[in-house]
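> here is a sequence with its predicted model. Questions after.
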Amino acid sequence: MSALKYSLRMVVVVALVTLFAPAVRSQEIGARNPDAMAAYEEGMKLLEAENWDDAIAAFTTAIGIDNTFAEAFFGRGEALRNLEDYQAALDNYKQATNIDPKSAKAYNGQAICEKELGLIDLAFNDFNNAIELDRRDPEIAANLGELLVNRDPASALRVLDKAAELDPENAEVFRNRGLAHAQLRQFDEANADLAKAIELKDDDFETYAMQANIFLFQDEKELIPKAIDALTNAIKYYEPEESSDPKSYVQGYLLRSDARLKMASDEDTPEDKREELYQQVIDDADAVLSEMPDTFPSSGQALYRKGVALRMQGLYGEAIKAFTDALQQIPPGESAPYITNAYLKRGMCWFSQGENRLARGDFLLAAASDYTDPLPHLWTGYTFAEEGDYRSAIESYGEAINKNPTFSLPYVNRGLAYVALDEYQRAADNFNEAIRVEPTTSDHFAKRGYAYMLMEEYDKAFDSFNLSSLYDENNPEAFEAAAQTLRSLGRNALAEKYEQRAQELKEKPAQQLQDKTN
């Protein structure tokens, strides 16, 4: 008989039992009707063999003979729960606890079903009932701890500590305890628990996925390779639980591509490694698209990431197509987290191809989808400056500044536009605004120095170039420019010192190369 037919039958049986069952405690097993006992024992064997349907039939026979048989109700609940018929299982567990209110295992099963049915408060109460009745059952402690992790991580730790003590071989307990530690920002303890969970069960994709998310949450660049490794294992060991689940770990591919993009953007990443990472991002995106070529939002997210990697490889045409496909994946009337950046980065590709009008169109769409983002206005300014329309560029840079007055690039580029228009004091004023925002950036002082030189204010120019050299002691251009201003001021002796330092810095790379070859 199918699980569904049994479930329907159970509704009728449970209703009849509820109506006629006496309010008495379960009899001692040994005093049971022999036929009821035989059916119950057969059900337990079938339960152990994971023959759920036949186990239900056996337990139903036992209950039909003796409707006060709490253990048989519990057994039938266990079989129904394994068939994921949580409501019917819950009804049976409740029958068991009505007959025997001291059955910790029945309360535990009841709570598991309530959790699956979204009845979280009831599940919490029943797990507490179960643990009050039996504080030595590791399964009950593990289940209560899991429920508490997202509700009260500090309390979850206390329960999971006990669960780990009762069953030190339960990998899931260590995984959940790791999550509780992470939520309390106790990352060393979290990493230790997840490592223990993997040691106990090295093929659980959920543990690797959790480990990766905790690494990524800490937002430290040295943890990104560890996150990538964890996601690689999560992808490797993923198995769909339902027929409707994706065949591969789609979210894992997307997260791994994000991590690889972040690692590639790190200035300390070597160029060859950066190229390798971009190709891996494309491979991750293609893995998602091979299974979900047009399933929004996953396909759109994959296409967007692919477009980013292609753009960084200088493949602007291919990137434009990827961004366009990502945008076309969005259903009418809906939005997507990547929409602003897809328009923005497609516009950057158009700009790189010299198609400024198309670029401005995309920057306009990006600005319309996020009114707070300064980048579309900054890049619009770039297109105007590229065409020599510095007044329009200045207006766009001003819009970017209005969106974010603490963003230095619009000030810098507006200053450069004023230099191009021979308005040097306005240029210096903008470079000063950039210095206000980023007071330790050498290049801002250097640009201000050139503006002062053009105004023949050599004292101010020297001060600017000198500060530039102080914030970047390995920049020969800053020392050369400082020397030039000093000569304009007639301070030739000091100028020679700056020129000597500039020459030493220029010779240094050549000497380092010679040392390596020797």
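Okay, I see it. Small disclaimer: the values here were computed from a predicted structure and weren't measured.

> lowest-pLDDT helix or strand in the protein?
helix 3-20 (a mean of 34; mean pLDDT, DSSP states H and E).

> list the buried residues for the next helix or strand after it?
Of the helices and strands lying after helix 3-20 in sequence (DSSP states H and E), the nearest is helix 34-48. Within helix 34-48, the residues that qualify as buried are 36-37, 39-40, 42-44, 46-47, counting by 16 or more other Cβ atoms under 10 Å. Glycine gets a C-beta too; all of them are placed from N, C-alpha and C.

> in which helix or strand does Val412 reside?
helix 408-420.

> go on, Asn67?
Going by DSSP H and E, Asn67 is not part of any helix or strand.

> do the same with the one 5 residues further on
Take DSSP H and E as the rule and Ala72 turns out to sit in helix 70-82.

> for that helix, enumerate the helices and strands it packs against.
If contacts are counted by 3 or more Cβ pairs under 8 Å, 6 or more residues apart in numbering; DSSP states H and E, helix 70-82 sits against helix 3-20, helix 34-48, helix 52-65, helix 86-99, helix 104-116.

> is it true that Arg260 touches Val281?
Yes: between Arg260 and Val281 there is a contact under Cβ atoms under 8 Å: 5.0 Å.

> was I right to think Ala190 contacts Ala182?
Yes: here Ala190 reaches Ala182: they are 4.0 Å apart, a contact under Cβ under 8 Å.

> list residues touching both of those two?
Shared contacts of Ala190 and Ala182, defined by Cβ atoms under 8 Å, 6 or more residues apart in numbering, are found at Ile214.

> which stretches of the chain aren't confidently modelled?
Within the chain, the segments meeting pLDDT under 70 span 1-30, 509-518.

> kindly report the domain assignment for it.
Segmentation of the chain into domains, based on automatic domain parsing, reads 1-134, 203-321, 338-423, 440-518.

> in CSV: the ones you listed, plus distance to Asp429.
Putting these into CSV (distance: least, Cβ to Cβ, whole Å) gives the following:
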stretch, distance to Asp429
domain 1-134, 59
domain 203-321, 30
domain 338-423, 8
domain 440-518, 9
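
> what's the closest of these to Asn150?
Among these, the nearest to Asn150 by Cβ to Cβ is domain 1-134 (9.7 Å).

> so which of the domains of the chain is nearest Leu147?
Closest approach to Leu147 among those (Cβ to Cβ): domain 1-134, 6.0 Å.

> and Arg81, how far from Glu116?
Relative to Glu116, Arg81 is positioned 8 Å away (Cβ to Cβ, to the nearest Å).

> ok, those two, which is more surrounded?
Neighbour count, other Cβ atoms under 10 Å: between Arg81 and Glu116, Arg81 has more, with 21 against 15.

> so what's that one closest to, chain neighbours aside?
Leaving aside its chain neighbours, Arg81 sits nearest to Ala89 (4.0 Å; criterion: Cβ to Cβ, 6 or more residues apart in numbering).

> touching, that neighbour and Gly109? I think so.
Yes: the pair Ala89 and Gly109 passes the contact test of Cβ under 8 Å, sitting 6.9 Å apart.

> identify the contacts common to these two.
Going by Cβ under 8 Å, 6+ apart, residues that sit against Ala89 and also against Gly109 are 77-78, 81.

> tell me the one among the residues you listed nearest to Lys506.
Using Cβ to Cβ, the shared contacts of Ala89 and Gly109 come closest to Lys506 at Arg81, 75.7 Å.

> quick one, what contacts that closest one?
Neighbouring residues of Arg81 by Cβ under 8 Å, 6+ apart: 89, 109, 112-113.

> now it: how far from Ala111?
11 Å.

> again with Val308
45 Å.

> Val149 now?
For Val149 relative to Ala111 (Cβ to Cβ), the value is 15 Å.

> got a list of contacts for stretch 396-409?
Stretch 396-409 is touched from outside by 371-375, 377-378, 380-381, 384, 410-411, 413-414, 417, 434, 437-438, 441, 444, with contacts defined as Cβ under 8 Å, 6+ apart.

> so how far is that stretch from its chain's centroid?
29 Å (Cα atoms, centre = their mean, to the nearest Å).

> can you tell me the distance between the two ends of it?
12 Å (Cα to Cα, to the nearest Å).

> contacts for stretch 359-369?
The contact list for stretch 359-369, computed with Cβ under 8 Å, 6+ apart, reads 335, 339-341, 343-344, 346-348, 350-351, 373, 375-377, 379-380, 383.

> and the buried ones among those residues, selectable in ChimeraX?
Selecting only the buried entries of these in ChimeraX, with 16+ other Cβ under 10 Å as the criterion:
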select :339,340,341,343,344,346,347,348,350,351,373,375,376,377,379,380,383
